[in-house]
Every structure is written in C-alpha cells, then in structure tokens.
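Novice: Just the structure for this:
(2 chains)
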Amino acid sequence: MTSADLDPKAAASEGTVPEAPRRHFIQEIIDEHNRSGRFGGRVHTRFPPEPNGYLHIGHAKSICLNFGLAEEYGGKCNLRFDDTNPVKEEQEYIDSIITDVRWMGFQWAGIYYASDYFEQIYQWSVQLIKAGKAYVDHLTADEIREHRGTLTKPGKDSPYRNRTVEENHDLFERMKAGEFKEGECVLRAKIDMASPNINLRDPVLYRILHATHHRTGDKWCIYPMYDWAHGQSDSIEGITHSICTLEFEDHKPLYNWFIESLGIYQPVQIEFARLNLNHTVLSKRKLIRLVQEKHVRGWDDPRMPTLSGLRRRGYTAEAIRNFVEMVGIAKSNSIAEMAMLEYCVRQDLNKRAARVMAVVKPLKVVLTNYPEGQTEMLNAVNNPEDPAAGSREVPFSKVLYIEQDDFMENPPSKFYRLSPGREVRLRYGYFIKCEEVVKDAAGNVVELRCTYDASTKGGEAPDGRKVKATIHWVSAAQALDAEVRLYNHLFTKPFPGDDEGSDFVNDISPASLEVVTGCKVEPSLANAQAGTGYQFERLGYFAVDPDTQGSTLVFNRTVTLRDDWAKQQKSK
RNA sequence: UGGGGAGUCGCCAAGCGGCAAGGCUCCGGACUUUGGAUCCGGCAUUCGUAGGUUCGAAUCCUACCUCCCCAGCCA
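Specialist: Numbering: from 1, shown residues only, chains lettered A, B, ... in the order given. Next up is the predicted model:
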C-alpha cells in the first residue's frame, strides 16, 4: 500500500482517481429537469434531418448529441424526416440518411416523417383559423416581404388580415382543394406585424405547392412551412428535449405561441452551436453544388465531409464519435481544425488497422549478391499495437521495390534513409547497402544496385552495428499492382470563399486528389475487401475502395501517418 | 440605430466569488526494426475593454467594443 492509497488527494494528483466526465450545459439542463420532475424523468430526443442532401460531419454532432443523450439517460431518440418541402426532397436522401445514422452506431426508437402529421397539422390550422388566429392572405410574395418591414422598422398589416373566420375557413378549404395556383395565396398566423422579433410578424403557415411529395404523392397541394410543422411534430411525438442549432433561438417564441394557442404538449427547446470545420464546407447548398457541378465524383467522394464520403475514405464511426466528443457541446460559434479530426482517425486506426507494406512510387532495387531465383518468406507483425492480430509471411527476393522518397543521391544531413554508400534496414528483412545508382538517358534514377548482408536476416546485425533508418519494400516478383488515390484538403484555404466576392469553388485545391497507378503492394492484400482499412507502413492509413474489381486493387488514403521528417522539410 | 445569441491560449473547451482543467496544434527531449506508436517536459501572472462591488472577481454590477443569427411562400 502506498501513501496514495491512504490519501485521496495524493491519489488524485497521480491520476489514479478518474475524474468525472465533463458534463455540458445540456446535460445540466436535463439533470435539472430530472430533479424537478419536469418530464417525469423521461428523456426523449429526436434527430430531424430534411431529406434534401446527404448527412455530413456536422450532422454527426447532432446525431451523437441526440442519440447519445437518449442512451445516457435511458431514454429514446426518434429519427424523423422533416419532409415538408416536396420540391427539394427525395427518397435517395432518406435511404442514405438511414444508412448513415445506422453506420454511426445508433438505434432509433422509430422512424417518423413530418408528412405523417400533415392531416393533424391541417386540422390544427383550422383550429387556429376558427380561433381567429390565422388568415388567408392574397398578397404576393413580394408584397408580403414589403409589408414585413425591416429589422428596424415595424411591418404593416396585410389588407386581408381582417377577413372573417368563415371567409378564412372557406378560402383555406379551397386552397386545400386545389382551387388556387401556386403563390396565389397563403395561410398566415395572425400575431403581431410590429414585433421586434421578425418571426412573429404573421409568419406563413401554409403555401400552395402543386408538387408530388415523395411519400404522400398528390394527396396534398398545400404544405406546412417548417416553423408550423416542426414544433408540432415534436409535440406529437412527446419529445422532451427538442435540441436544435443556434439560429432557431429566436423562433422559440413563435413555437411557444403555436403550442399555447393550440393547447398541446410542450417540449423544451435547447440550442447549441453547430459544428464547423476548416478546409472544407459544411453547408448543404455548397455541398450540393460540389456534386452537381461535378467538382467531386459524388456525395460519397472521399474528399467530401459527408458521412458517406468519410466512410469511403476509410474513417470509422468510432473516430467520428470521438471527434465529436472532443469538440464538445457549447453555444459559441466555433470552427474546429481538420487536424483534430485527423488526429481522431489516426488514433482509432492505429489500434485496429493491420499493417502491410506497399510502395506507392516504386524504385527498383536489385540485390547483386542475393541468389538468383531464390525466394524466402519473412515473418512480419500485423499490428504492434495489437498482439492478437498475429503475424504473416512476406516474400523476399533479389529484385525489390522501395519508395522513391526513401532514396536521395545527394542527401541533406538530416536525411537518414538510403543514399550511395549508405546502409539501411529493410523492414523485417535485411540490411542493404547502396553500391550503384543506375540512371536513364534523362538522368533520372531508375534502379539501385545494392548488396545485402545475409547475417542481418530479421533486421539485427550480429556485430551490433546500427542503421539509422528502416524502410518498407515489396518483392517485385510477387508484388500486386494497385492504384492509390492520395487525398489532401479539398480546399486550399482554411475558410473557402472567405475573400470578398470570391466563390468558394475557386478555392478548391488542385492537389485534393492525386491518382497514382503502378503502385506495388505485398501479396497478402490479394483478397482485400472493399472498406477494409490498412496501415501502409510509414505512409498512412489506406482503405480499399469499392472501385476495386478483380485483380485491380484501389486504395484511398484516409490520412497520412504523422511525419516529423516531412514536417521538418516543410518548415524549411 | 430592432430582436436574439456569443466573447477564456493558434483551434476546441472547463470554470458557476477563493486565486486559470483538459484535448488538438506547436516546440523540446527519451525510446524505437514504422522519422509511426508510446513516454516525459514546455506552451494564458491572465480570462473582449474600461470602471465598480468585495479581504478576494474569468466568475457579481455598470458602460462600452467585437463577432454570429433573423427581413424564404427554405429547413
């Protein structure tokens, strides 16, 4: 027993007493509700995406928050599609969202659709009309805008604002029956055109859209606005904590007005700051442009910050969850650094990815003193971080490939890889020494002629001599060909489009994708399955792309390994 | 110049009147058959600014400054 066992303070200072996990403000609010019995101990959240695009890393924060809170408090979390705008929404998006939420590792209490509540919302509209709290307005969209006033000037009442209940009801029924064209009229709440909160200046409740809805078909030609559907959907589902982003903070008085006017169950709305990430874009409008204008291959292009893109690139759900945890939940607008996300994948993949040797840009090496035609199998560890991963055999022979970057004819002092006359270790193999450099007519190094030291098999020299570097390699005869896609930040600037008047697409990095063919990988990769992530020793983490067919292996670089040497070079 | 939010290290972020957590980045160093991993150490005498209250303030009060959101028949 040590003094730390006796003295709790000493123990704490040695880190032996784990600190309670930091709780964020939303957890504190829920704790308070549980103490006061506000919801009888219930915690029921929901993740409410609009199916008009693919989910991205920003959504992951909301997913982790909502589903995470439900798990933590033994509650429930619904997956609900806010599908109130048929012209922008599609089944493809619904499918992708379901796939992505599941991939993130969460289980919903149920899948719901705002469109399932259209009938109820319609009836509530009638209730509002009958209470004299809603009216049909025949002003045009432009006129409504003009009447709304400005941030500093109050709005003006619409001339249609004082229609009778009967007239409003009749008009609304005719809107529903399809007697009007799109834009001809709308249903508006009758609140206060002079409110300093613009959301309360008689917001539009229903608009006419002669569009086919992906779920309700042609049943409706009037569709509720988000504001008029969202809070009521939460109410219907018995949501306790309606968590949303900051911009909805001043919609809250409106939601409360609806709930109170209707006299229905009221959830509590809590706002938090959405996630922002540098060197990418996270707005749906911009992401959809990248796809439609073909700046990327699609929603799941590995350069995209979408969950499907990150997944294809080789990110794991756990890495993303850790990242979200690391970023935290707060109310101040912030922009996290991509470096933090990259740290999280490396941390996760370091534990789980099998190590393998692959040469992306091959340089031929001939071992002049190695027996012609001989092949031997060398034992290689699959994952030094995980003994259970075991080991494998890799073939070694007279002709090998090493990485072009691992050789320099005239190396600077800090370069300690291969160069003329210098000796390095081939990982799990032998020490080799560069004796001769072969060049083509243009002066490019095309081959190295080296000698190997048979006594150094496995990587240790019996005479105790050391080498400064260990490099990876692949035996030429058994090597598999591969295509490797190297990704870098999609945008050169940390804040794309930040320059005044500059379109963010102008900041797309020409180096965001480099496709390298003719790469050589070790034969153990022969049956690598799409989606599997590997560490290419000394290079980074790579995931097998679904484009892989037959014998053509295609890899996506998820992220490089941390590289002090590269960093040194860069800072020069 | 209305209303609603936010300002703590380069980036996130704790702190809730008792004397600035942690993580990422960065910089040193140890170790190393991945220049990986790991491990040590450094990195805010100061909390947007200025006053005030208090024995004591990032935390309370006052004023000011800066940033973000709102004028869709988008969500």
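Novice: so what are the domain limits for chain A?
Specialist: Following automatic domain parsing, one gets these domains for chain A: A:116-226, A:358-472.
Novice: Make CSV out of these and add mean pLDDT.
Specialist: Conversion of the domains of chain A to CSV gives the following (pLDDT from 0 to 100):
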stretch, mean pLDDT
domain A:116-226, 98
domain A:358-472, 97
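Novice: Could I get those in JSON lines, plus columns for mean neighbour count and distance to A:Gly74?
Specialist: To be clear about C-beta, it is placed using only N, CA and C from the backbone, and glycine gets the same treatment. JSON lines is the format used below for the domains of chain A (neighbours: other C-beta atoms under 10 Å; distance: least, C-beta to C-beta, whole Å):
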{"stretch": "domain A:116-226", "mean neighbour count": "17", "distance to A:Gly74": "26"}
{"stretch": "domain A:358-472", "mean neighbour count": "16", "distance to A:Gly74": "33"}
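Novice: any chance of the ones you listed in CSV, plus distance to A:Asp503?
Specialist: As requested, the domains of chain A are exported to CSV (distance: least, C-beta to C-beta, whole Å):
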stretch, distance to A:Asp503
domain A:116-226, 26
domain A:358-472, 33
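Novice: Dump these to JSON lines, plus distance to RNA strand B.
Specialist: JSON lines is the format used below for these (distance: least, C-beta to the nearest atom of the strand, whole Å):
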{"stretch": "domain A:116-226", "distance to RNA strand B": "3"}
{"stretch": "domain A:358-472", "distance to RNA strand B": "2"}
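Novice: Out of those domains, the one nearest A:Leu486 is which?
Specialist: Closest to A:Leu486 of the domains of chain A is domain A:358-472 (C-beta to C-beta; 7.6 Å).
Novice: now for the closest one, what's the gap between its first and last residues?
Specialist: 7 Å (C-alpha to C-alpha, to the nearest Å).
Novice: and A:Arg425, what element?
Specialist: Per DSSP states H and E: A:Arg425 is located in strand A:423-426.
Novice: ok, and what's touching that strand?
Specialist: With contact meaning C-beta atoms under 8 Å, 6 or more residues apart in numbering, strand A:423-426 is reached by A:396, A:400, A:402, A:406, A:416-418, A:431-434, A:453, A:456, A:459, A:467-473.
Novice: Also stretch A:455-472?
Specialist: A:357-359, A:378-379, A:402-403, A:406, A:416-418, A:423-431, A:453, A:536-539.
Novice: switch the cut-off to 7 Å
Specialist: Stretch A:455-472 is contacted by residues A:357, A:359, A:402-403, A:406, A:416-418, A:423-431, A:537-538 when judged by C-beta atoms under 7 Å, 6 or more residues apart in numbering.
Novice: measure that stretch end to end?
Specialist: End-to-end span of stretch A:455-472 (C-alpha to C-alpha): 19 Å.
Novice: cool, and stretch A:475-482?
Specialist: Termini of stretch A:475-482 sit 14 Å apart (C-alpha to C-alpha).
Novice: Could you pull out the buried residues of it?
Specialist: Residues of stretch A:475-482 classed as buried by neighbour count (16 or more other C-beta atoms under 10 Å): A:475-476, A:478-480, A:482.
Novice: can you give me the mean pLDDT across it?
Specialist: Taken as a whole, stretch A:475-482 has a mean pLDDT of 98.
Novice: Just confirm A:Asp481 is within a strand.
Specialist: Yes - under DSSP: H, G, I helix; E, B strand; the rest coil, A:Asp481 falls within a strand.
Novice: what's across from it in the sheet?
Specialist: With DSSP bridges as the criterion, A:Asp481 is bridged to A:Lys520.
Novice: Roughly how far does it sit from RNA strand B?
Specialist: Computed as C-beta to the nearest atom of the strand, to the nearest Å, the A:Asp481 to RNA strand B distance reads 22 Å.
Novice: Which residue is the nearest non-sequential neighbour of A:Phe67?
Specialist: In space, A:Phe67 comes closest to A:Phe106 once its chain neighbours are excluded; the distance is 3.8 Å by C-beta to C-beta, 6 or more residues apart in numbering.
Novice: all helices of the stretch 301-450 of chain A, in order?
Specialist: With helices called from DSSP state H, counting those that start in this stretch, the stretch 301-450 of chain A shows them at A:307-313, A:317-327, A:338-352.
Novice: CSV for these, including mean pLDDT and mean neighbour count?
Specialist: Output for these, formatted as CSV (pLDDT from 0 to 100; neighbours: other C-beta atoms under 10 Å):
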stretch, mean pLDDT, mean neighbour count
helix A:307-313, 98, 24
helix A:317-327, 98, 20
helix A:338-352, 98, 18
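Novice: I'd like these laid out as TSV, including distance to RNA strand B.
Specialist: Below are those laid out as TSV (distance: least, C-beta to the nearest atom of the strand, whole Å):
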stretch	distance to RNA strand B
helix A:307-313	17
helix A:317-327	4
helix A:338-352	4
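Novice: how about those helices in JSON lines, adding distance to A:Val559?
Specialist: Putting the helices of the stretch 301-450 of chain A into JSON lines (distance: least, C-beta to C-beta, whole Å) gives the following:
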{"stretch": "helix A:307-313", "distance to A:Val559": "8"}
{"stretch": "helix A:317-327", "distance to A:Val559": "10"}
{"stretch": "helix A:338-352", "distance to A:Val559": "5"}
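Novice: Quick one: the strands in the stretch 251-400 of chain A, in order.
Specialist: A:268-272, A:354-356, A:358-359, A:362-367, A:375-381, A:391-397, A:399-403 (DSSP state E, counting those that start in this stretch).
Novice: so can I have a markdown table of those strands showing distance to A:Pro48?
Specialist: What follows is the strands of the stretch 251-400 of chain A, written out as a markdown table (distance: least, C-beta to C-beta, whole Å):
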| stretch | distance to A:Pro48 |
| --- | --- |
| strand A:268-272 | 12 |
| strand A:354-356 | 39 |
| strand A:358-359 | 43 |
| strand A:362-367 | 51 |
| strand A:375-381 | 47 |
| strand A:391-397 | 47 |
| strand A:399-403 | 48 |
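Novice: Of those strands, which is nearest A:Leu561?
Specialist: Short answer: strand A:354-356, nearest of the strands of the stretch 251-400 of chain A by C-beta to C-beta, at 10.7 Å.
Novice: The closest one - contacts with which helices or strands?
Specialist: strand A:533-536 (3 or more C-beta pairs under 7 Å, 6 or more residues apart in numbering; DSSP states H and E).
Novice: Is A:Tyr113 in contact with A:Arg215, as I believe?
Specialist: Yes - taking contact to mean C-beta atoms under 7 Å, the distance of 6.0 Å between A:Tyr113 and A:Arg215 places them in contact.
Novice: hey, what's in contact with both of those two?
Specialist: Common contact partners of A:Tyr113 and A:Arg215 (C-beta under 7 Å, 6+ apart): A:Asp83.
Novice: Write out the residues of the stretch 451-572 of chain A neighbouring RNA strand B.
Specialist: Residues of the stretch 451-572 of chain A lying close to RNA strand B (C-beta under 7 Å from any atom of the strand) are A:458-460, A:469-471, A:535, A:537-538, A:561-565, A:567-568, A:571.
Novice: Out of those residues, name the ones that lie in strands.
Specialist: Cross-referencing those against strands under DSSP state E gives A:470-471, A:535.
Novice: coming back round to it: so which of the domains of chain A is nearest A:Asp234?
Specialist: Per C-beta to C-beta, nearest to A:Asp234 of the domains of chain A: domain A:116-226, 10.4 Å.
Novice: Can you give me the first-to-last residue distance of that closest one?
Specialist: 14 Å.
Novice: how about the residues of the stretch 1-150 of chain A that lie near RNA strand B?
Specialist: Taking C-beta under 7 Å from any atom of the strand as the criterion, the stretch 1-150 of chain A approaches RNA strand B at residues A:22-25, A:28, A:50, A:82, A:84-85, A:88, A:139-141, A:144-145, A:148-150.
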